[in-house]
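# Pasted the sequence and its predicted model underneath.
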Amino acid sequence: MSDSYQLGNPLSPIVAFARHRTLVGRMAKREIVGRYRGSFIGIFWSFFTPLFMLAVYTFVFGFIFKSRWTGPAAGKLDFAVILFAGMNMHALFAECAIRAPTLIIENSNFVKKVIFPLETLAWTSVAAGLFHLLISTVVLLSFSLLVRGFFPWTVILFPVVVLAYLPFLAGVVWLSASLGVYLRDLKQAVGVIVPVLMFLAPILYPLESIPADLRWLLYLNPLTVVVEAARDVLIWGRMPDWGLLAEYAVASLLFAWGSFAWFERSRSGFADVL
């Protein structure tokens, strides 16, 4: 299948999605529905889970620890809203990354089907994660409206932030999925890396709490830019740093390109290993 793409083209990951977007949509829908099949309230869990987590954050950080966030927000419930916005971006990454090392192994029946485009599995994982991000964002905005009485007009820019994030997520899945076929310990390693990246990003604490001369270290974390940009548009009502977000989007696409090229070139050995 690698001959069907111009792997020297940095847009080849986007081409892969555009070519099979209908298949990606159908498989993502099947994955979302299948995840909740057999449960009593079914897909409504996708709504109640983030609602419950937001309630927990509000109670623990707002009423027990009485945490406050530096910046415009000062109410005791604002910390939970700000925290939840960052956690949502990390949750999307975690959902994609944790499953990625076993993605090909779990779908080994597709490996020997020459006509099946294995590369779409990455976009399917990302699309399923986007569904849960959408639900969590609706919960966030509803709670923000209830607590603060409004949410900023800049929320319409949130899809732009997410769009810059997507190639990075797909790249993580392609890279981890292909390596996971050959390195079975990768799943355990990713399980350690995912929470570490959460603590090394300004999710549980404001970026301003880090000394100015050390903040650049946090920007080595691929979550920092999108977490800050998401809070800018969802919470603070201000424009994100467009220059920084553009640089992130380019780096994200280049990473996706490299991961996609590696996936396409390494997939010929999947059948032999599986």
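That came through, no problem.

# Name the helix or strand of the protein that has the lowest mean pLDDT.
Lowest on mean pLDDT, DSSP states H and E among the helices and strands of the chain sits helix 45-57, with a mean of 76.

# Identify each buried residue in whichever helix or strand comes after that one, please.
Counting by DSSP states H and E, the next helix or strand C-terminal to helix 45-57 is helix 78-99. Residues of helix 78-99 classed as buried by neighbour count (16 or more other CB atoms under 10 Å): 78-97, 99. C-beta coordinates here come from the backbone N, C-alpha and C atoms, glycine included.

# helices or strands next to helix 78-99 in the packing?
Counting contacts by 3 or more CB pairs under 8 Å, 6 or more residues apart in numbering; DSSP states H and E, helix 78-99 is packed against helix 45-57, helix 120-148, helix 158-182, helix 186-199, helix 224-231.

# which strands and helices sit next to the shortest one?
Looking back up the chat, that one is helix 224-231. Using 3+ CB pairs under 8 Å, 6+ apart, helix 224-231 sits against helix 78-99, helix 158-182, helix 242-266.

# So which of the helices and strands packed on helix 78-99 is the most surrounded?
helix 224-231 (a mean of 25; mean count of other CB atoms under 10 Å).

# Contacts for it, please.
Residues outside helix 224-231 that contact it (CB atoms under 8 Å, 6 or more residues apart in numbering): 82, 85-86, 88-90, 158, 161-162, 164-165, 201-203, 207, 218-219, 240-241, 244-245, 248.

# same thing but at 6 Å, please
85-86, 89, 161, 165, 201, 203, 218, 240, 244-245, 248 (CB atoms under 6 Å, 6 or more residues apart in numbering).

# State the pLDDT value of the nearest residue to residue 12 once chain neighbours are set aside.
Of all residues not flanking residue 12 in the chain, residue 5 sits nearest, at 4.8 Å (CB to CB, 6 or more residues apart in numbering). As predicted, residue 5 sits at a pLDDT of 81.

# what does the one 5 residues further on give?
Taken from the predicted model, the pLDDT recorded for residue 10 is 90.

# Residue ranges in the chain under the pLDDT threshold?
1-3, 38-45, 61-63, 65-68, 70-77, 114 (pLDDT under 70).

# let's see 90
Low-confidence segments of the chain, defined by pLDDT under 90: 1-9, 31-84, 107-116, 143-151, 184, 204-206, 208-209, 268-274.

# which residues sit in contact with residue 187?
101-102 are the contacts of residue 187 under CB under 6 Å, 6+ apart.

# Repeat the analysis, applying 7 Å as the threshold.
101-102, 180 (CB atoms under 7 Å, 6 or more residues apart in numbering).

# and the gap between it and residue 266?
Residue 187 sits 17 Å away from residue 266, taking CB to CB, to the nearest Å as the criterion.

# do the same with residue 85
The value you get for residue 85 to residue 266, if CB to CB is used, is 36 Å.

# now residue 185
17 Å.

# Neighbour count: these two, which is higher?
residue 266 (17 against 9; other CB atoms under 10 Å).

# Over to residue 184. Which of the three states is it?
What DSSP: H, G, I helix; E, B strand; the rest coil gives for residue 184 is coil.

# Run a quick neighbour tally on it.
12.

# Now do the phi/psi pair for it.
phi -70, psi -20 (degrees, to the nearest 10).

# ok so, going back, between the contacts of residue 187, which sits nearest residue 211?
residue 101 (35.4 Å; CB to CB).

# Contacts only, for the closest residue in space to residue 200 that isn't next to it in sequence.
If the residues on either side of it in the chain are set aside, residue 200 comes closest to residue 221, at 5.0 Å by CB to CB, 6+ apart. Taking CB under 7 Å, 6+ apart as the criterion, residue 221 is in contact with 197, 200-201.

# any idea which of those residues is closest to residue 112?
For those, the nearest to residue 112 is residue 197 (34.6 Å; CB to CB).
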